[in-house]
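Novice: Predicted model and sequence below, questions to follow.
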Amino acid sequence: MSKQYMTVQEVLTELRARESPRNREGMARFGINTGSALGIKVTDLRKFAKSIQKDQNLAQDLWESGIHEARILATIVADHKKISRGEVEDWARDFNSWDLVDQTCNNLIRKTEFAHDLALEWSGREEEFIRRAGFSLMAVLAVHDKGTPDGVFENYLAVIETGAGDERNFVMKSVNWALRQIGKRNPYLAQKATDCAERIKEQGTKSARWIASDALRELEKHQGGG
């Protein structure tokens with residue numbers, strides 16, 4: 001499929017034509033903020049994105065539209081080499097749903113040269129969705145950033161240990177996700193992540209117990225080849 005340059009008006013017209021109240025209801029059941037959503041599946045957004053040229057100006061216009069799916073599409077058509085850290089910080093202030101956070105981290109931010117810096121910075125922020133983004137970045141970087149030394153991810157474990165005390169659901173789940181993905185990276189980090197999970201369990205809070213038990217169960221399964 002050949003890619004073409006499209007205007008924001010053309011893209012938004014296409015998106016609105018695919019609006020699905022039924023899908024929107026399903027999104028809400030998964031805890032997605034549907035206040036500005038059209039109800040378009042991410043798989044359909046990805047198919048549509050295959051026909052659009054990478055275009056940072058278009059991505060910015062789509063984000064500024066405020067439409068949930070337009071913002072997810074923006075993270076796909078954005079140019080990670082052209083978007084600035086300041087622009088990413090501006091986008092982060094609009095985070096209002098866990099799926100938008102995770103899509104932005106996975107589709108775009110992890111590919112930037114400042115991804116690791118933001119993982120550390122955002123994981124220390126107070127805002128729920130920005131903090132989630134910090135730990136989500138750690139998770140997707142653990143999966144995709146093959147060239148980064150183990151020491152970087154080992155340092156993340158100390159941050160994860162501190163973050164495990166956050167009782168907020170969307171933060172708690174991203175802390176768990178980061179811990180699991182770092183542990184799956186290689187045998188050395190698997191042991192370090194297991195040790196971290198054991199220390200987290202000893203914190204005794206509800207969030208810490210869940211994070212630790214779920215991570216230990218999956219890491220054990222992963223190491224056993226299950």
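Specialist: Perfect, I can see it now.
Novice: tell me the domain ranges of the protein?
Specialist: By the record's domain assignment, the chain is partitioned as 1-96, 114-226 (automatic domain parsing).
Novice: residue nearest the centroid of this protein?
Specialist: Note on the chain: the residue nearest the mean C-alpha position is residue 102, at 2.1 Å, using Cα atoms, centre = their mean.
Novice: what's near enough to touch it?
Specialist: Listed by Cβ atoms under 8 Å, 6 or more residues apart in numbering, the contact set of residue 102 reads 136, 140, 174. Every residue, glycine included, has its C-beta placed from N, CA and C.
Novice: so when I look at it, I'm seeing a helix, right?
Specialist: Yes. Remark: residue 102 belongs to a helix, assigned using DSSP: H, G, I helix; E, B strand; the rest coil.
Novice: follow-up on the earlier one: what about the domains of the chain, which gets the closest to residue 108?
Specialist: Checking those against residue 108 by Cβ to Cβ gives domain 1-96 as the closest, at 4.4 Å.
Novice: Report the rounded mean pLDDT for the closest one.
Specialist: Mean pLDDT, computed over domain 1-96, is 96.
Novice: So which of the domains of the chain has the densest surroundings on average?
Specialist: Among the domains of the chain, the stretch with the highest mean neighbour count (mean count of other Cβ atoms under 10 Å) is domain 114-226, at a mean of 19.
Novice: still on that earlier bit, can I get the domains of the chain in JSON lines with distance to residue 106?
Specialist: Rendered in JSON lines, the data for the domains of the chain read as follows (distance: least, Cβ to Cβ, whole Å):
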{"stretch": "domain 1-96", "distance to residue 106": "8"}
{"stretch": "domain 114-226", "distance to residue 106": "5"}
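Novice: before we move on, back to that, could you redo the contacts of residue 102 as JSON lines and give each row secondary structure and pLDDT?
Specialist: As requested, those are exported to JSON lines (DSSP: H, G, I helix; E, B strand; the rest coil; pLDDT from 0 to 100):
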{"residue": "136", "secondary structure": "helix", "pLDDT": "98"}
{"residue": "140", "secondary structure": "helix", "pLDDT": "98"}
{"residue": "174", "secondary structure": "helix", "pLDDT": "98"}
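Novice: nearest to residue 29, of the residues you listed?
Specialist: residue 174 (19.9 Å).
Novice: so the closest one makes contact with residue 135?
Specialist: Yes. Under the criterion of Cβ atoms under 8 Å, residue 174 makes contact with residue 135 at 3.8 Å.
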